[in-house]
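J.: following is a predicted model, sequence given first.
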Amino acid sequence: MPNTSRFWIVLAAALALGALAPPDAGAQTKLVVGNAGGSSADAERKVFYGPFANANKITIQEESFNQELAKIRSQVETGNLIWDMVSTTAINVATGCEEGLLEKVDWSKYFDPKVFRDVGGVSECGVPYLFVSGGLAYDGNRIKEGPKSWADFWNVTKWPGKRGLLYRAEQTFEVALMADGVPPAKAMEVLAAPGGPDRALKKLDELKPLIHWWKNGAESINLLASGEVAMAYAWNGRVASANKTNNLNLKMELGAGHVSGCQYWAIMKGSKNKELAIKFIQYAVTAQNQADFVRVISYGPANRDAYALLTDQEKATLPGQHLDKASLQLGKLYLGFWLANGDSLLQRFVKFAAQ
Amino acid sequence: MLALVAPSVLFIALFFVAPLGLFLFRSIDNSEVPGWLPRTTAALAGWSGEGLPDEPAFRAVAEDLAALSGSTALPLLGRRLNHNIPGFRGLITGTGSRVDLSRPGRMREQLIALDARWGEPLYWQTIRRERHVVTPFYLLSALDLRYGASGAIERAPAESAIFLGLLGRTLAISLIVTGLCVLLGFPLAITMAGASPARANALLILVLIPFWTSLLVRSTAWVILLQNSGVVNQLLVGFGLVQKPIPLIFNRVGLYIAMVHVLLPFMVLPLYSVLKNIPPELMRAAASLGAPPATAFLRVYVPQALPGLVAGASLVFVLALGYYVTPALVGGPGDQMIGYFIAYFTNTAVNWGMASALGTLLLLVVALIYLALGRVVGLNRLAVR
């Protein structure tokens, strides 16, 4: 934000006016965003949606989106757009871009794309806005001697109880390979080699009777908090904010290996609010707003300039120091593999889970 | 007479029979492929299916796809063919947007250079097989069958052959739920039929309260009650009946509990209306003629209750077959019924042909069961008086 202090005055004024005058929802433009819900949507609302909507006299409506690409496809293909933009994964951005489901934008007109280079850069169809690590999580109050590896996660004799895993092929297959002894940095390589998916499914099959599949991030936290599962794959920001707001003692063992990558903003192809959506994205990825976002939910910023605004204590909440233990959701191998095999592996996975 | 019936007949025809027929037709509808690939399907009609087709077929597919380029038809066609072979979608959209018709030279080389999959017979064979306006593809898939490389129908590989097993699971769960409903509902209905009007009314209200509550609320209420840290498990552990919480939810046990709770009124209500009309004198007459209570119950009471039992049981069974919200909320992944996949194909995979084929399969099974029941028991005997 070039003119930060003035922005805050305007925002304060807008908030004050908003408190006095009843909102005139009927006349306002509505920007509809598909997002992942739960505490990450709460953080987005606090830092991005709320201030942006107030400053621009619009409303932002949120819809639940668990990253099913088919939901984007069916809206764009039938010309029946419900959403204007989505918060989505790297692989959905890549697939959606190739299939013409997302708007292509020359982002360099709006900000300097170089600041995103550390996390893989912008795509013409999407801009990264947070860096998330999915890893092994458990309740520190229930398990004193915590698991150290994904093999421990599979060890149900030493740590009895159910296990929560993400109901998707992507991420879950990588984790299964780590449990099978593959070093995290090699997980994608093994998965993309012949027989990789078979090996992942075989490993999942070992644990299958005890797996509780979760579909959205909030579920993973509920499962851990209620003790329904002993351990779960969970995203670091969700875990941190659950500990903060619900006074839980959830632990994450990122040393076991984790799947890390960015979440992106992307604009649905044919959205009538394309310009507004671009303006929103421009707003949400400024260093200041990225730093504010980190303070709320502990996801890493995508804009590297945000680090300069964070204190050492705030930086310590981020999982950056474990990147040697990451299977990264970026790069040619990762994108190429999931682009070519995402559909068929998802179908295989869904059938596997139901058998 | 006709004027009185006409509105309801018209209503049913318009809002039930017609949409149902249209939806069932989707299980064989294949108009997209010949509609969007007219030149290709014509060119492939004369092809033997061996090896790769000739240059005209390559030219035809290039012209068809180039004509669709830029319109929404191209990705839709890709999605349609993706149902047959996952990944076909990318082949169609990629080729359509990049093919250059004006470039000299053979189209065969250009297409294979664009995407090596055009050099694989499998993709050509699939288009050739799907060249008609109707297709058996979805119905075959619903029966775990597929076309093999030779063109003969064969069993799908084990990892994707899940629908027959799922159908079996659906039938088993529905049967057990029906059995449990009979076990719980029959004594309740007998008690209600024999009670004073005031008490019968009170019992009726107890049965009806869950009936009036939203299905979603009832199902999630069970999650709260039965989870590991839920009330039931806390009581069990607190009284020392079990050492640690027993899994009661997100498994088959939880599914049975929730489904029986939801479906019990459908058993009790028809049964009660039949039992209420059984004259109590008949049981006394049986006793006075020397029948012991068990014999009197089995030979005098049960035959008269049978219409109510069968009506209630078939209602519960048929409703249970189509369940998907409750299993999705309280069952584990191994407890999902066929409705789960119908919803999956409708909402998530957006494969309506497959959703319709599974729906057709379920409808046929229900029809068969109804016919068999009619054969064995005799439908006219079951008429509720």
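T.: Now that the structure is in, tell me what you want to look at.

J.: how about the residues of the stretch 51-200 of chain A near chain B?
T.: Residues of the stretch 51-200 of chain A that fall close to chain B, judged by Cβ under 8 Å from any Cβ of the partner chain: A:68, A:70-71, A:73-74, A:76-79, A:98-101, A:162. In this view, the C-beta of every residue, glycine as well, is placed from N, C-alpha and C.

J.: filter those residues down to the buried ones.
T.: For these, burial is judged from neighbour counts taken by 16 or more other Cβ atoms under 10 Å in any protein chain shown, and it is met by A:68, A:70-71, A:73-74, A:76-77, A:98-101, A:162.

J.: give the contact list for B:Met195.
T.: Actually, residue B:195 is Ala rather than Met. B:Leu203 (Cβ atoms under 8 Å, 6 or more residues apart in numbering or on different chains).

J.: would you quantify the distance from it to chain A?
T.: Note on B:Ala195: its distance to chain A, by Cβ to the nearest Cβ, to the nearest Å, is 41 Å.

J.: helix/strand/coil for A:Glu62?
T.: Secondary structure, DSSP: H, G, I helix; E, B strand; the rest coil: A:Glu62 is strand.

J.: I misspoke; the intended subject was B:Leu139.
T.: On the three-state scheme (three-state DSSP), B:Leu139 is labelled helix.

J.: residue in the stretch 251-355 of chain A nearest to chain B?
T.: Proximity of the stretch 251-355 of chain A to chain B (Cβ to the nearest Cβ) peaks at A:Ser344, 3.2 Å away.

J.: point me to the helix or strand that includes that residue.
T.: Secondary structure assignment for A:Ser344, by DSSP states H and E: helix A:332-354.

J.: which other residues reach that helix?
T.: The list of residues contacting helix A:332-354 from outside it, by Cβ under 8 Å, 6+ apart, reads A:69, A:90-91, A:94-95, A:98, A:167-170, A:172-173, A:188-189, A:191-192, A:197, A:201, A:204-205, A:213, A:328, B:82, B:86-87, B:89-90, B:159-160, B:162, B:166, B:333-334, B:336, B:340-341, B:344, B:349.

J.: show me where the stretch 251-355 of chain A has its strands.
T.: Assigned strands in the stretch 251-355 of chain A, in chain order: A:258-267, A:326-328 (criterion: DSSP state E, counting those that start in this stretch).

J.: ranking those by burial, who's on top?
T.: Highest mean neighbour count of the strands of the stretch 251-355 of chain A: strand A:258-267, a mean of 26 (counted as mean count of other Cβ atoms under 10 Å in any protein chain shown).

J.: how far does it sit from the chain's center?
T.: Taking the mean C-alpha point of strand A:258-267 and that of its whole chain, the gap between them comes to 5 Å (Cα atoms, centre = their mean, to the nearest Å).

J.: may I have that strand as CSV, with CA atoms only?
T.: Included here for strand A:258-267 are C-alpha records, laid out as CSV according to Å, rounded to 0.1, in the frame of the first residue of the first chain:
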residue,chain,number,x,y,z
HIS,A,258,5.4,-32.4,5.2
VAL,A,259,3.8,-31.2,2.0
SER,A,260,4.2,-27.5,1.5
GLY,A,261,3.1,-25.1,-1.1
CYS,A,262,1.1,-22.0,-1.8
GLN,A,263,-2.6,-21.2,-1.9
TYR,A,264,-3.5,-18.8,-4.7
TRP,A,265,-6.0,-16.3,-5.6
ALA,A,266,-7.5,-16.9,-9.0
ILE,A,267,-10.3,-15.3,-11.0
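
J.: for that strand, name the packing helices and strands.
T.: Contact partners of strand A:258-267 among helices and strands, from 3 or more Cβ pairs under 8 Å, 6 or more residues apart in numbering or on different chains; DSSP states H and E: strand A:85-89, helix A:90-98, strand A:126-139, helix A:274-284, strand A:326-328.

J.: dump these into TSV; add distance to B:Ala189 and mean pLDDT as well.
T.: Listed next are these as TSV, based on distance: least, Cβ to Cβ, whole Å; pLDDT from 0 to 100:
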stretch	distance to B:Ala189	mean pLDDT
strand A:85-89	52	97
helix A:90-98	53	91
strand A:126-139	46	96
helix A:274-284	59	96
strand A:326-328	59	93
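
J.: just the buried ones among the residues of the stretch 51-200 of chain A next to chain B: which are in helices?
T.: The helices, defined by DSSP state H, take in A:70-71, A:73-74, A:76-77, A:98 from these.

J.: and whatever helix or strand A:Tyr233 lives in, which strands flank it?
T.: In the assignment (DSSP H and E), A:Tyr233 maps to strand A:231-235. According to DSSP bridges, strand A:231-235 forms sheet pairs with strand A:126-139 (antiparallel), strand A:163-166 (parallel).

J.: from those strands, which stretch is densest packed?
T.: Mean neighbour counts were taken over the strands paired with strand A:231-235 using mean count of other Cβ under 10 Å, and the top value, a mean of 26, falls to strand A:126-139.

J.: so which of the strands of the stretch 251-355 of chain A comes closest to B:Ala221?
T.: strand A:258-267 (33.8 Å; Cβ to Cβ).

J.: phi and psi next, for the residue in chain B positioned nearest to chain A.
T.: In chain B, the residue found nearest to chain A is B:Pro86; the distance is 3.2 Å by Cβ to the nearest Cβ. Backbone dihedrals for B:Pro86, given as degrees, to the nearest 10, come out at phi -60, psi 130.

J.: how many neighbours does it have?
T.: With neighbours defined by other Cβ atoms under 10 Å in any protein chain shown, the count for B:Pro86 comes to 18.

J.: need the contact list for it.
T.: For B:Pro86, the contacting residues are A:343-344, A:347, taking Cβ under 8 Å, 6+ apart as the criterion.

J.: and the closest residue to B:Asp335 other than its chain neighbours, how many neighbours?
T.: Computed as Cβ to Cβ, 6 or more residues apart in numbering or on different chains, the closest residue to B:Asp335 that is not its neighbour in sequence is B:Leu255, at 4.9 Å. Applying other Cβ under 10 Å, we find 27 other residues in the vicinity of B:Leu255.

J.: got a list of what B:Leu255 touches?
T.: Taking Cβ under 8 Å, 6+ apart as the criterion, B:Leu255 is in contact with B:173, B:326-327, B:330-331, B:335.

J.: how about 6 Å then?
T.: By Cβ atoms under 6 Å, 6 or more residues apart in numbering or on different chains, the contact list for B:Leu255 reads B:327, B:330-331, B:335.

J.: ok, now B:Val33?
T.: Here B:Val33 is in contact with B:Glu130 (criterion: Cβ under 6 Å, 6+ apart).

J.: helix or strand for it, which one?
T.: Counting by DSSP H and E, the element that carries B:Val33 is helix B:32-36.

J.: how about A:Leu223?
T.: With DSSP H and E as criterion, A:Leu223 is part of helix A:217-225.

J.: from the chain's centroid, how far away is that helix?
T.: Distance, stretch centre to chain centre, for helix A:217-225: 15 Å (Cα atoms, centre = their mean).

J.: now do stretch A:121-130
T.: Between the mean C-alpha point of stretch A:121-130 and the mean C-alpha point of its chain there is a distance of 13 Å (Cα atoms, centre = their mean).

J.: got the CA coordinates for stretch B:235-253 in PDB?
T.: These are the backbone C-alpha positions of stretch B:235-253, laid out as PDB (Å, rounded to 0.1, in the frame of the first residue of the first chain):
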ATOM      1  CA  LEU B 235     -21.300 -42.300  30.700                       C
ATOM      2  CA  LEU B 236     -20.000 -45.700  29.800                       C
ATOM      3  CA  VAL B 237     -16.500 -44.800  30.900                       C
ATOM      4  CA  GLY B 238     -17.800 -42.900  34.000                       C
ATOM      5  CA  PHE B 239     -19.800 -45.900  35.200                       C
ATOM      6  CA  GLY B 240     -16.800 -48.100  34.600                       C
ATOM      7  CA  LEU B 241     -18.600 -50.300  32.000                       C
ATOM      8  CA  VAL B 242     -15.800 -49.900  29.500                       C
ATOM      9  CA  GLN B 243     -12.200 -49.000  30.000                       C
ATOM     10  CA  LYS B 244     -11.900 -46.500  27.200                       C
ATOM     11  CA  PRO B 245     -14.400 -45.000  24.800                       C
ATOM     12  CA  ILE B 246     -15.800 -47.500  22.300                       C
ATOM     13  CA  PRO B 247     -16.100 -46.400  18.700                       C
ATOM     14  CA  LEU B 248     -19.800 -45.800  18.100                       C
ATOM     15  CA  ILE B 249     -19.800 -43.300  15.300                       C
ATOM     16  CA  PHE B 250     -18.200 -43.100  11.900                       C
ATOM     17  CA  ASN B 251     -18.600 -46.800  11.600                       C
ATOM     18  CA  ARG B 252     -21.400 -49.400  10.800                       C
ATOM     19  CA  VAL B 253     -22.800 -49.300  14.400                       C
END
